[in-house]
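In: coordinates only, sequence not included:
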């Protein structure tokens, strides 16, 4: 079981309020991702749940029981850190055994769980090595192994993949998702990478300045961002935001158009522009088109086979039904 | 680009290093040589370096005149006791300063260090009186406590520096893994800081072993360590250089041997964290 609720949880460091009173419910077995730019309070929020930071006010409950004043060791949660935080003086086996040793689990049960975790994480051949003799990906797996064997109520991940290279990151992303499906345990995952958030989460919590901007499934956030911040943060490349005449025409202060919701033509369309930088990804190409009379270029997704050179004239048309409208306060107009 | 170092330059550097090393070592060498001379040779002018009649009579006489074993055991008890007691107190202190610092932590560290700036003789009178009042003059345990207090700032500072090198996340991981504060310090922090703790232990042991001001002033017979043993040969009725040198050699020999065997550990500890 791992249902976690935050009730008016507030955190201040001295005079500085990093998290104003905040409510959030994380259901048992859910994969929740906290996402936001650096300094948005996502890691602090995770550390509050872990118990590594004390809340200034408010209540944190785990499975219905008030855990606000419970020390981290007694909350039944396991955490995977960005720096892996393995014990460098212990072998992989001892690292994984450490939480079980602390919990006083019998030796034969410890061994059984270590073998099972090592097998699941491809660490069997490395059990007698020290963390210093492992690669980044292997270290991260050891950190996950150490978390699994405790059989926690929930897993907390604090940007676990940011120290890995791109290829490894993708692999580990799949492994963690796979692990979640298999264990069916609550996972809370902190990242600044919206791709990780979109691909892994059941539920995304978008944070900015310690405030929850929106909570929802990845597709909810993609389809109906509550405000301009979420609209700009979710989706890659970023949504194009237009103000002025184009917005006023549609009865809004700002309109947002995703790069994939613009059609391009070499003959006719709503806006005329010239091609700037073209980013070729193979399957897709992202064109940065300078519209006539506009200052910022517009990003457009086109098929990888579409050929356009720097300086070519193109015509763009937005798919009207896919346009997001926002008022002067940046909030979505229904 | 690596700096080009010519062979001559290297040879010159080596020579200079050797000369400086020998200059520093010379007083100790001279003491050891003198301890094997007769009293007459010891004060000969011009001095003789090696061409003298080698004799062991100084050592024989020193052994006969004083109870070397008792001085030695007192030194071991006082230096060892103050070091162990100091570490026991300093590890939790340095832990709290390194990992849960407050706004005043830096001030406390500086204040602790400032006590080392006070000349020892400035507090001789109060401490002497305290010892008399408590009836612990010439008492080994009193010296253990006093030397521990004197070296504590250094121990805390050294450990604090080593602990600062240990990533806080590892200790947090231990906390998440269910370790109590005691287990966290015992199973995670201490093993990771072993090189630092070892060199702190060693340095403090050497400092306490060589400490002469308090040991000379607060002991007479029962608690007198090797420093008092040396001092007893610098008598006012005439200097006996050869016997004084023999006593000095016997006093520094144990620490010299200890230092020799642990120099690798000591150097590693003193530069701990400097190289990742």
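Out: Yep, it's here. Predicted, not measured: the structure shown is a model, and the values here were computed from it.

In: when you work out contacts or count neighbours from here on, use the C-alpha atoms and nothing else.
Out: Fine.

In: OK, contacts around residue A:276?
Out: Counting by Cα atoms under 8 Å, 6 or more residues apart in numbering or on different chains, residue A:276 makes contact with A:287-290, A:297, A:310-311.

In: any of those residues buried? List them.
Out: Buried by 16 or more other Cα atoms under 10 Å in any protein chain shown: A:287-290, A:297, out of the contacts of residue A:276.

In: quick one: residues in contact with whichever strand or helix holds residue A:137.
Out: Assignment of secondary structure by DSSP states H and E places residue A:137 within helix A:136-148. Residues outside helix A:136-148 that contact it (Cα under 8 Å, 6+ apart): A:78-81, A:84-86, A:92, A:95-99, A:114, A:117-118, A:121, A:123, A:131, A:155, A:160, A:163-164, A:168, A:172.

In: mind redoing it with 7 Å?
Out: A:78-80, A:84, A:86, A:92, A:95-96, A:117, A:121, A:131, A:164, A:168 (Cα atoms under 7 Å, 6 or more residues apart in numbering or on different chains).

In: tell me how far the residue nearest to the spatial centre of chain A lies from chain B.
Out: For chain A, residue A:197 is the residue whose C-alpha lies nearest the centre (Cα atoms, centre = their mean; 3.1 Å). Separation of residue A:197 from chain B (Cα to the nearest Cα, to the nearest Å): 24 Å.

In: is the closest residue to that residue other than its chain neighbours in a helix, a strand, or coil?
Out: Counting by Cα to Cα, 6 or more residues apart in numbering or on different chains, residue A:197 lies nearest to residue A:33, which is 5.7 Å off, once chain neighbours are set aside. Secondary structure state of residue A:33, per DSSP: H, G, I helix; E, B strand; the rest coil, is strand.

In: who's in contact with residue A:33?
Out: Contacts here follow Cα under 7 Å, 6+ apart; on that basis residue A:33 touches A:188-190, A:197, A:201, A:203-205.

In: follow-up on the earlier one: export the buried ones among the contacts of residue A:276 to CSV and tack on pLDDT, distance to residue A:109 and secondary structure?
Out: Conversion of the buried ones among the contacts of residue A:276 to CSV gives the following (pLDDT from 0 to 100; distance: Cα to Cα, whole Å; DSSP: H, G, I helix; E, B strand; the rest coil):
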residue, pLDDT, distance to residue A:109, secondary structure
A:287, 93, 58, strand
A:288, 94, 59, strand
A:289, 93, 62, strand
A:290, 93, 65, strand
A:297, 91, 61, coil
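
In: name the SS class of whatever residue of the stretch 51-200 of chain B ends up closest to chain A, please.
Out: Residue nearest to chain A within the stretch 51-200 of chain B (Cα to the nearest Cα): residue B:178, separated by 3.9 Å. Using three-state DSSP, the structure places residue B:178 in coil.

In: the residue nearest to it when sequence neighbours are not counted: how many residues sit nearby?
Out: Excluding the flanking residues, the one nearest residue B:178 by Cα to Cα, 6+ apart is residue A:73, at 3.9 Å. For residue A:73, the count of nearby residues is 23 (other Cα atoms under 10 Å in any protein chain shown).

In: got the residues of chain A near chain B?
Out: When proximity is defined as Cα under 7 Å from any Cα of the partner chain, chain A approaches chain B at A:72-74, A:78-79, A:85-87, A:89, A:99, A:102-103.
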